[in-house]
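Participant: Give me coordinates for this.
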Amino acid sequence: MSTIWSNKDGLAVHFGTRDTVTDEPRARKTSTAGEVQELKLHITGENLGDTLTATDVAGAAFIPAQSLIKSAYLIVDEAFTSGGSAVLDLGTYTAAGAAIDDDGIDAAIAVASLVDNFVVDPCDGALVGTVVTADSYLGATYDTAAFTAGHATLVVTFVKNAV
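Facilitator: Numbers count the residues shown, from 1 in each chain. Model (predicted):
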């Protein structure tokens with residue numbers, strides 16, 4: 001129950017608990033063209049496949065078409081391991097899980113490099129510094145051999161609607 005008191009300025013002051021209910025439509029701030037944004041992908045080595053599917057990207061955030069990928073970097077939080085000579089590819093995919101450029105953010109990062117606190121900065125794939133022409137979901141895959149452990153975070157900075 002809420003008690004309402006009006007101060008001398010006419011401001012309604014409420015005491016106690018109350019629900020907020022309004023019939024007024026509220027504007028919600030949305031991203032505007034030219035706004036710099038950051039997208040993060042958390043990577044777990046043992047969960048990676050050598051390809052992605054629509055299920056892998058379902059509901060994930062994406063870089064909108066016509067956005068400029070300004071930069072990207074990878075931070076290894078926990079060392080990656082593999083029973084072989086695994087390499088990590090970082091790229092972009094469609095909503096259906098089809099590769100746009102499966103190593104367009106960075107290619108073939110060797111398991112031997114993916115140790116605790118290792119940072120790949122900058123990532124130097126072909127898409128970094130370019131404008132994407134389709135909505136692009138971030139993805140990570142392995143080549144050569146599977147990973148058995150490891151955690152990392154990929155951070156991609158982009159300018160929305162740069163064209």
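Participant: Could you use CA atoms for every contact and neighbour count after this?
Facilitator: Noted.
Participant: mean confidence for stretch 36-44?
Facilitator: Confidence over stretch 36-44 (mean pLDDT, whole number) is 95.
Participant: ok, and for that stretch, which residues are buried?
Facilitator: By neighbour count on 16 or more other Cα atoms under 10 Å, the buried set for stretch 36-44 is 36, 40-41, 43-44.
Participant: and the closest residue to residue 36 other than its chain neighbours, bridged to which residues?
Facilitator: In this structure, residue 36 finds its nearest non-sequential neighbour in residue 159, 4.5 Å apart by Cα to Cα, 6 or more residues apart in numbering. Counting by DSSP bridges, residue 159 forms beta bridges with residue 36, residue 68.
Participant: and if you look at residue 101?
Facilitator: residue 92.
Participant: and it, how many residues sit next to it?
Facilitator: 20 (other Cα atoms under 10 Å).
Participant: From the buried residues of stretch 36-44, which land in strands?
Facilitator: By the criterion of DSSP state E, membership of the buried residues of stretch 36-44 in strands covers 36, 40-41, 43-44.
Participant: between these, which is nearest residue 73?
Facilitator: Taking Cα to Cα as the measure, residue 73 sits nearest to residue 40 out of these, at 9.8 Å.
Participant: Return the distance of the closest one relative to residue 85.
Facilitator: Distance, residue 40 to residue 85, using Cα to Cα, to the nearest Å: 26 Å.
Participant: coming back round to it: so can I have CSV of the ones in strands among the buried residues of stretch 36-44 showing distance to residue 58?
Facilitator: Formatted as CSV, those follow (distance: Cα to Cα, whole Å):
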residue, distance to residue 58
36, 24
40, 15
41, 13
43, 16
44, 17
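Participant: Out of these, the closest to residue 131 would be?
Facilitator: Nearest to residue 131 among these is residue 36, at 13.3 Å by Cα to Cα.
Participant: Looks like the closest one contacts residue 157 (just checking).
Facilitator: Yes: if you go by Cα atoms under 8 Å, residue 36 and residue 157 touch, sitting 6.9 Å apart.
Participant: residues in contact with residue 52?
Facilitator: Residues counted as contacts of residue 52 (Cα atoms under 8 Å, 6 or more residues apart in numbering) are 97-99, 139, 141.
Participant: in this structure, which spans are helices?
Facilitator: 54-57 (DSSP state H).
Participant: returning to what we had before: next, give me the two most distant ones among the ones in strands among the buried residues of stretch 36-44.
Facilitator: Longest span within these, Cα to Cα: 36 and 44, 26.6 Å.
Participant: Tell me the pLDDT of the residue of the chain positioned farthest from its centre.
Facilitator: Largest separation from the mean C-alpha position in the chain: residue 8, at 49.5 Å (Cα atoms, centre = their mean). Note on residue 8: pLDDT of 71.
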